[in-house]
Each structure stands twice: as structure tokens, then as C-alpha cells.
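Q: one predicted model, sequence on top.
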Amino acid sequence: MSPTLAELSEEELLRRLAHFAPPDQLSDDTAALAADPRPLLINTDVLVDGIHFSDGTTTAMDVGWRAVAANLSDLAASGAVEIEGITVGLVAPGRTSWDWVEGVYQGISAVLDQYGGILLGGDCSRGEQRLLSITALGRQGPLRLHRNAARPGDVLVTSGAHGLSRLGLALLQNDPNVRDIALSLALRNQAIARHQRPTPRLKDVQLLLACKPEHLPWRAGGTDSSDGLLAAVAGLCNSSRCGAVLRNNLLPVSEGWPEGPPWTDWCLAGGEDFELVLSLPEAWADAWQQCVPESQRIGQINPEAGIIRWAHNHAKVDMSSFDHFRQP
């Protein structure tokens, strides 16, 4: 039977966690990074039990994977070309089993093994609620993707389908909205996998760099859709003091995606899809779409600052209908 954290000494817990890092990496209070002329990109995300994960929808390994993947997605959306590593802050009640903690760190190791980087360090503490805080560090390539770099005339493109993570959560929770809907087994499996094991689009960033037309400068707007597709577009517009026109007939959904509510809402604001949302000069958008077949154009940036409209009727998109933070 697995011991609880209360039954383990702090020294024993740290000894066990050290197996997930390079030798002696966790035997000091600091970590040293080698000198590198490339800018260092840093971001932090927090996952809270009952809000971002639960035992009913995510295994311990999935929790670890999702926590790190969310950070790596932010690094990808900033133009990272290499992952240095992560630090982990773990808070958990004393009754938490070691098996759960071990599973979390196995998930962390799995995503680092696939996308690069090491466990640099972190901290552990007792608390009333399970919480995982990840800080990730990566190196910027020749392109600094930023929300403020969108320009009128740019094409809006995204790296993949949206709404899948929200659908996956609904399926795992046996949500009445999906209980009686005829969905293909492929779509169901894709959605659950996307919710439990999201993919940071680091490879797509490499393809973006490789396909840039020579005559264009290193300028592109970028973010990820962790808070939803519409929130990502709004972030680009607000930071760049631009507007956007979205094509309702080009919403990025998977094959077999149903029509009508809540399906359009889930595509626009389901959240946690972790796809790239980019604002690119048209020639660069064309080249990237050739390199990333699952990518899709969704609209265009225009000079109407802060306004997002639908292309088919020029109506403003009702942002209040897609508040990612509203209570269900």
C-alpha cells in the first residue's frame, strides 16, 4: 500500500523526487543554466484540483503531462526553439498518496522526454488543496512571437482544430450535452486524448521559421488558445491595437464536428486546446499552411482597433457570450 505524504519524511519525499531529475540536480537550492546568447523565455502556470483537473477526468500522469504541456505551449507561442527545463511547485494535503505524486512526476518526465528540457528544481509544501505550479524556461529563436505584432492585412491562422479539449471533458464527465449525440468513435477518442494529453506546438514553430519567405522580415503576431480561440484573437487585437474579421464558415473544427450550440461555443471558447493562433503576412501564411496541413485560415486582421466582426454579416462578435471565466 502506498504511503501518504504525511507518512513520508520531507527528506524521503525529496529523495524519491530526485529520481525524476538528472543526478544531483535537486541536491541544491538553485539551478545553473549555461550561458547562451539567445533570449531566455520564462512563463508560469498553476493547475488547481477541482478547477483544472480531477480524479474523475485525469489520472495523475495526465495531471503532470497537462501541467507541463500548458507551459510549453506558451513558450511555443512566444517563438521558443529549445526547452531548457522546468521547476515544479507542489502543494498537497498530507493524506495524498505517494502513488499520486509519483504518477504526476512520471507524466512530467514523459512530456519532457518528448519535447526536451529537464527538471531543474522546485519546492513542495503541505496544503489543504492539491496544486501544481510549473515554471518553464526556453530559448527564443530568430522570431519573437508576441501578441503585439499583428498588423492590418495579416491573415489569421491556427495550427489545428478547436473545441476538442472541451468535448473531451464533457465526455469524461458524462455531460448531458453529449450523452445522446451521435459522435464517431474517432472523434470521441481524439477529444479525450486532447483533453488529457495536449500537444505543445513546438514543431509547428520550427516549421514556421523554416518556411518564412526570404523577402519578409521576422515579424509575426502569435499566441496560443489556452483560454479559447476567441480569447486568443482578442488578445492579438487588443495588444496590437487592431481588429479582426472572422469567417464563420472557416471555424477550425475536426471532421464530424456537429453544428449549432454548444458546438460553436466550444470551438470559440472551450479553452485548453493549446493551438497556435498566428497573425502572418499572406505569403507566410500560405507557406505555413503548406507545411502544416492541419492548419487553417480563420480570418484577417484589420485596422478597426479592438473590434472583432463576422465576415458574413459584419456584425460584432459578442465577446460577453464567450467569457471563459464565467460560472457554468
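A: Nice, I can see it. Residues are numbered from 1 along each chain as shown.

Q: could you chop the chain up by domain?
A: Here the domain parsing of the chain from automatic domain parsing is 10-27+34-140, 147-320.

Q: what residue is smack in the middle of the protein?
A: The residue lying closest to the centre of the chain (CA atoms, centre = their mean) is residue 274, at 3.1 Å.

Q: give me the pLDDT value at it.
A: Residue 274 carries a pLDDT value of 97.

Q: redo the domains of the chain as CSV? Include distance to residue 4.
A: Bear in mind the C-beta positions are built from the backbone N, C-alpha and C, glycine included. Compiled in CSV, these are given as follows (distance: least, CB to CB, whole Å):
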stretch, distance to residue 4
domain 10-27+34-140, 5
domain 147-320, 25
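
Q: show me what contacts the residue nearest to residue 137 when sequence neighbours are not counted?
A: Closest residue in space to residue 137, ignoring its immediate chain neighbours: residue 84 at 4.3 Å, by CB to CB, 6 or more residues apart in numbering. By CB atoms under 8 Å, 6 or more residues apart in numbering, the contact set of residue 84 is 33, 40, 117, 118, 120, 137, 138, 139.

Q: what strand or helix carries residue 84?
A: In the assignment (DSSP states H and E), residue 84 maps to strand 80-92.

Q: can you show me the CA trace of that strand as PDB?
A: The C-alpha trace of strand 80-92 is given here as PDB (Å, rounded to 0.1, in the frame of the first residue of the first chain):
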ATOM      1  CA  ALA A  80      10.800  29.100 -28.400                       C
ATOM      2  CA  VAL A  81      13.100  26.800 -30.300                       C
ATOM      3  CA  GLU A  82      14.600  24.900 -27.300                       C
ATOM      4  CA  ILE A  83      13.400  24.000 -23.800                       C
ATOM      5  CA  GLU A  84      15.900  24.400 -21.000                       C
ATOM      6  CA  GLY A  85      13.700  22.900 -18.300                       C
ATOM      7  CA  ILE A  86      11.100  23.400 -15.700                       C
ATOM      8  CA  THR A  87      10.700  23.900 -11.900                       C
ATOM      9  CA  VAL A  88       7.800  22.400 -10.100                       C
ATOM     10  CA  GLY A  89       5.900  23.700  -7.100                       C
ATOM     11  CA  LEU A  90       3.700  21.000  -5.500                       C
ATOM     12  CA  VAL A  91       1.200  21.600  -2.700                       C
ATOM     13  CA  ALA A  92      -0.900  18.700  -1.400                       C
END
